[in-house]
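>>> Kindly return the folded structure for what I paste below:
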Amino acid sequence: MAKIVTLKEAVANNLHDGDTAAFEGFTHLIPHAAAHEAIRQGFKDLTLIRMTPDGIYDQMIGLGMVRKVIFSYAGNPGVGLLRRFRDAVENHYPHKLEIEEHSHAAMANAYEAGAAGLPCAIFRGYLGAELARVNPNIRSVTCPFTGEKLAAVPSVRPDVTFIHAQKANKKGDVLVEGIIGIQKEAVLAAKRSVVTVEEIVDDFDDVSVNACIIPSWTITNIAVVPGGAHPSYAQGYYARDNASYLEWDVIAADREVFRTWMQEHVLDATPEDFAKRVEHLRASK
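All right, here's what the predicted structure looks like:
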């Protein structure tokens, strides 16, 4: 049964140095506040998993927290590349970064296999692709029934998954509405899971037909963090802050500017500061 705690407690209880962690979200409901708390707590030697690494992984990589990234497509959404990610890969700054790149289809299937407790994912894919030349974890198997050659990749089974959602009820069930990407499977595949939410409600009313309810027994901790997905969006609560993504491209382009910004806005900040900044940005629009 999910236990409701503070964000600081949720991160400290579930993330450890050397863990394999997923901070999942697909354009929508990206757990920025949870990632910022992980940064403040100073974890090291992490392996990060994500279908679409964006700004929060750029920040964690730039601060030297990350040993390896397992991913499919890395970029600043709608803007371009991840500059701290690229600096780590090309220049080994702040240290060398190991990467394992996959297709979106491979990552989605790997999460689903992890959620099912399977050792690998088998699917149609990578035919004619050359990614297998640089990723030894992309292999092939022959179907014992049809003789068809299929792709195979290891399942994804994080030590801990972090996601953001709109609501949790008092029983600890979580409601996710809108685009959900692979968040459900990422929670089911993980040993531990943390969900930050906009609010706690008595029960879920007027649930849309495309909603997903993640049951409390799959979740370790829930933390109430209004605005916890900003600058990504939370359907029904706030829109995507496109200006922040444009701003990040400038900030991340320079190592010293990056360090100064991270110190002021993340390392020396608190979850309450994060919430105030989000509220200010909403009020100014």
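
>>> Hmm, Val266 is touching Arg40, no?
Yes. With contacts counted by C-beta atoms under 8 Å, Val266 reaches Arg40, the gap being 6.7 Å. Bear in mind the C-beta positions are built from the backbone N, C-alpha and C, glycine included.

>>> For the protein, which segments are assigned as strands?
Counting by DSSP state E, the chain has strands at residues 3-4, 20-23, 46-50, 66-71, 98-101, 120-123, 139-142, 149-154, 160-169, 174-176, 192-201, 212-214, 221-224.

>>> which one of the ones you listed has the lowest average pLDDT?
Of all those, the segment with the smallest mean pLDDT is strand 212-214, scoring a mean of 92.

>>> picking that back up, as JSON lines, the strands of the chain with mean neighbour count would be great.
Listed next are the strands of the chain as JSON lines, based on neighbours: other C-beta atoms under 10 Å:
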{"stretch": "strand 3-4", "mean neighbour count": "15"}
{"stretch": "strand 20-23", "mean neighbour count": "26"}
{"stretch": "strand 46-50", "mean neighbour count": "23"}
{"stretch": "strand 66-71", "mean neighbour count": "21"}
{"stretch": "strand 98-101", "mean neighbour count": "16"}
{"stretch": "strand 120-123", "mean neighbour count": "18"}
{"stretch": "strand 139-142", "mean neighbour count": "12"}
{"stretch": "strand 149-154", "mean neighbour count": "20"}
{"stretch": "strand 160-169", "mean neighbour count": "26"}
{"stretch": "strand 174-176", "mean neighbour count": "25"}
{"stretch": "strand 192-201", "mean neighbour count": "22"}
{"stretch": "strand 212-214", "mean neighbour count": "18"}
{"stretch": "strand 221-224", "mean neighbour count": "22"}
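
>>> mind putting those in CSV, distance to Asn14 included?
Formatted as CSV, these follow (distance: least, C-beta to C-beta, whole Å):
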stretch, distance to Asn14
strand 3-4, 11
strand 20-23, 9
strand 46-50, 13
strand 66-71, 17
strand 98-101, 23
strand 120-123, 25
strand 139-142, 32
strand 149-154, 22
strand 160-169, 5
strand 174-176, 15
strand 192-201, 5
strand 212-214, 16
strand 221-224, 6
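
>>> so which of those strands gets nearest Pro271?
Smallest distance to Pro271 across those (C-beta to C-beta): 8.5 Å, for strand 221-224.

>>> Among the strands of the chain, single out whichever gets nearest to His230.
strand 160-169 (9.5 Å).

>>> so what pLDDT did Lys285 get?
Lys285 is given a pLDDT of 51.
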